[in-house]
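1. Prediction below, plus the sequence it came from.
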Amino acid sequence: MLIGVIVTLSALLLLGGGAFGAYAYLNSSTPQPTRIAQPTTSTPPTTAPPTTDPPPPDPTPTDSPTPSSTPSTSSDTPLEHTEFGNWNYSLKGEKYAARKVAGWTYDSCAPLDAEGVMADNNCASAVQLAYTAYGGNLKAVQIIFQFDAAGDAKKTANQLKNSADRKVAWRRASAHSRYAYGAIYTGAYLNYVVVTVVTTNESAKPKAKKFHTAMQTDRGISFFLNRREDEQVVTS
């Protein structure tokens, strides 16, 4: 299956489909997101105390992706959250943007492994990223697990299907405590598993599904297109 995906993506690029063809291919095979459960008890406020300076505004979508920092150059090199900055997406007239508000780097997957799935599948390391968009009306948490083998990543994604909310210890404090839209995507891309959680209030709910799909697919396709040996990762 993995070889077939790589061959198909390579063919799309060679035939001139470029990134659009690759995105379209992955989008067509991306399952529906799984809803996450509403908290059963009240959650303490997650916002930081006010400061004298207002927080920076959410970024405006741009047409050209830019590197967020000095990235890793090999798929064997552990990811660092500093490789990922603000997220900008622009493709065929659709534009989305989110501001990175926090990030965490883990030298093992244990802190995020709620039920032992990652340990069973030889997960090596992970990063977790927190984003906000539409003035805080949409929040996103993205976890990237790195494995030694693509087969382990695919097996993990299958085991997380419809249960990632329970099996991944993602940072709920970085999401809304109550939400109108709350869902989670999971997918395997080469030797990485990407888990993307998005929550919104009512005002951002109409934009949530397309935003969510774009963020998940964009991160996944970046590994196919950019994160090969001796090449750099460019986050869009």
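-> Right, received. Where do you want to start?

2. What's the local residue count around the closest residue to Pro111 other than its chain neighbours?
-> Leaving aside its sequence neighbours, Pro111 sits nearest to Ala169 (Cβ to Cβ, 6 or more residues apart in numbering; 6.8 Å). The way it works is simple: take the backbone N, C-alpha and C, and place the C-beta from them, glycine included. Using other Cβ atoms under 10 Å, Ala169 has 16 other residues around it.

3. so Ala169 touches Ala110, yeah?
-> No - using Cβ atoms under 8 Å, Ala169 is not in contact with Ala110; the gap is 9.4 Å.

4. where are the low-confidence patches of the chain?
-> 1-32, 37-75, 226-236 (pLDDT under 70).

5. can you point me to the longest strand in it?
-> The single longest strand within the chain, with elements called by DSSP state E, is strand 94-106.

6. Which neighbouring elements make contact with whatever helix or strand comes next after it?
-> Where DSSP states H and E defines the elements, the next helix or strand beyond strand 94-106 is helix 117-120. If contacts are counted by 3 or more Cβ pairs under 8 Å, 6 or more residues apart in numbering; DSSP states H and E, helix 117-120 sits against helix 150-160.

7. Mind listing what's buried along the helix it packs on?
-> Using 16 or more other Cβ atoms under 10 Å as the test for burial, helix 150-160 gives 150, 152-157, 159-160.

8. same question, stretch 209-224
-> For stretch 209-224, by 16+ other Cβ under 10 Å, it's 211-224.

9. From those, pick the one nearest Tyr131.
-> Of all the buried residues of stretch 209-224, Tyr131 sits closest to Met215, with 8.0 Å by Cβ to Cβ.

10. The closest one sits in which helix or strand?
-> Met215 is located in helix 205-225, with elements delineated by DSSP H and E.

11. Please list all residues in contact with Ala208.
-> Ala208 is in contact with 138, 181, 183, 198, 200, counting by Cβ atoms under 8 Å, 6 or more residues apart in numbering.

12. Any idea how many residues pack against the last one?
-> Same thing as Thr200. Applying other Cβ under 10 Å, we find 27 residues neighbouring Thr200.

13. Report the contact partners of it.
-> By Cβ under 8 Å, 6+ apart, Thr200 lies in contact with 134, 137-139, 176, 179-182, 207-208.

14. In JSON lines: the residues you listed, plus secondary structure.
-> Shown next, in JSON lines, are the contacts of Thr200 (DSSP: H, G, I helix; E, B strand; the rest coil):
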{"residue": "Tyr134", "secondary structure": "helix"}
{"residue": "Asn137", "secondary structure": "coil"}
{"residue": "Leu138", "secondary structure": "strand"}
{"residue": "Lys139", "secondary structure": "strand"}
{"residue": "His176", "secondary structure": "coil"}
{"residue": "Tyr179", "secondary structure": "coil"}
{"residue": "Ala180", "secondary structure": "coil"}
{"residue": "Tyr181", "secondary structure": "strand"}
{"residue": "Gly182", "secondary structure": "strand"}
{"residue": "Lys207", "secondary structure": "helix"}
{"residue": "Ala208", "secondary structure": "helix"}
